[in-house]
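Asks: I would like to see how this sequence folds:
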Amino acid sequence: MDPNWDDLRVFLALARGGTLTKAAKVLDVSHPTVARRVHALEKQIGARLFDRLPDRFVPTSVGEELLADTEAMEKAAHSIHRRSAGLSDTVSGTVRLSAEEATAALIARFSAGLRSKLPQIEFEVATSHTPANLSKREADLLIREQVPELGGIVARKLGRAAYAIYAACDFQVRRATPAALAALPWVGFDDDHLRMPGQRWMQDYRGGRRPEIRGNNWLVLHEATRSGGGLAVLPCHLGDPDTALKRVGGVIPEVFADQWLLVHRDLRALPRVRAVMDAVVELFQRERALLEGRIVRT
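Replies: Numbers count the residues shown, from 1 in each chain. Presented below is the predicted three-dimensional model:
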């Protein structure tokens, strides 16, 4: 009898995770279930698939060969799943869109308009700094600041986000010289997120000093700034519409983030995905002045 896909998925999870605990967590099953299924698979194949070391499971030479074949099967299964989704010809269903939190908030701000244009589509907006796996359908669409070097990904540029310095309206800024601003308290990302736009610029601006209030999320920084915690570099589309904030100076020329809409090539022709793509592109074109920091309250 040939091994079934469920048993091979257990084998794959253990080969990747190395421990029963990690494999069980990925599969949402118990440790004994993982051990039992792997043992049954080894008995069925007639060969030992893992060396049981004190701290982990390591594939044997037979296991390595099976791993390569199983990964190819997994890739084919994901492809079938994506392509089967494209067989529908109706503009309805759920579309899952992933973006970092500031851009996700922008999408949410205009979500009523998106729904009015596409009333048969349900939107799921997820926030993440890391790339969702389009091949595994973790998201249908991504908005990211960079295009990953991955096969099968189709990218379309949405626009460029500008950044500026913001403070709460009642935050005292007596002088706007660089030295005076640098001496004030600041809000920014923690050390693990210095890659975020404007964070290196801010540290250089302050002579290497870290922000006094740190977080790992644009919306956390936004709230800390609104409360008077200090100055912050924020996306203009997040800071300018907020009447509780004031902009300190103009757009920072050196700080910007290109926005890219990413989709797997197997999904781009799916009617509901195509419809949401077109609506998102239209939204970013319509709100280009906001994105680029050209709408300032007087």
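Asks: didn't Ala182 look like it was pressed against Gly207?
Replies: Yes - here Ala182 reaches Gly207: they are 6.7 Å apart, a contact under C-beta atoms under 8 Å. From N, CA and C alone the C-beta is placed, and that goes for glycine too.
Asks: Neighbour count for those two, which is higher?
Replies: Per other C-beta atoms under 10 Å, whichever of Ala182 and Gly207 has more neighbours is Ala182, with 15 against 9.
Asks: Excluding sequence neighbours, find me the nearest residue to that one.
Replies: Once flanking residues are discounted, Ala182 sits nearest to Arg206: 4.5 Å by C-beta to C-beta, 6 or more residues apart in numbering.
Asks: number of nearby residues for that neighbour?
Replies: 18.
Asks: Likewise for the one 4 residues further on?
Replies: In terms of burial, Arg210 registers 16 neighbours under the definition other C-beta under 10 Å.
Asks: Run through the residues that contact it.
Replies: Listed by C-beta atoms under 8 Å, 6 or more residues apart in numbering, the contact partners of Arg210 are Gly188, Asp191, Gln203.
Asks: Next up, phi/psi of it, please.
Replies: With angles defined as degrees, to the nearest 10, Arg210 sits at phi -80, psi 160.
Asks: The residue positioned nearest the centre of the chain and Leu245, how far apart?
Replies: Compute the mean C-alpha point of the chain, and by C-alpha atoms, centre = their mean the closest residue is Ser128, 3.3 Å away. Going from Ser128 to Leu245 by C-beta to C-beta, to the nearest Å gives 25 Å.
Asks: Same question for Glu138.
Replies: In this view, Glu138 and Leu245 are 33 Å apart by C-beta to C-beta.
Asks: Show me which of the two is the more surrounded one.
Replies: A count of neighbours by other C-beta under 10 Å puts Leu245 above the other of Glu138 and Leu245, at 21 against 14.
Asks: doesn't Asp170 make contact with that one?
Replies: No - at 10.6 Å, Leu245 and Asp170 do not qualify as touching, with contact defined as C-beta under 8 Å.
Asks: which residues touch the residue sitting furthest away from the middle of the chain?
Replies: Residue farthest from the centre of the chain, counting by C-alpha atoms, centre = their mean, is Gly46 at 42.6 Å. By C-beta under 8 Å, 6+ apart, Gly46 lies in contact with nothing.
Asks: Please apply the same query to Phe57.
Replies: Leu14, Ala15, Gly18, Thr19, Leu20, Phe50, Asp51.
Asks: Good, we can wrap up now.
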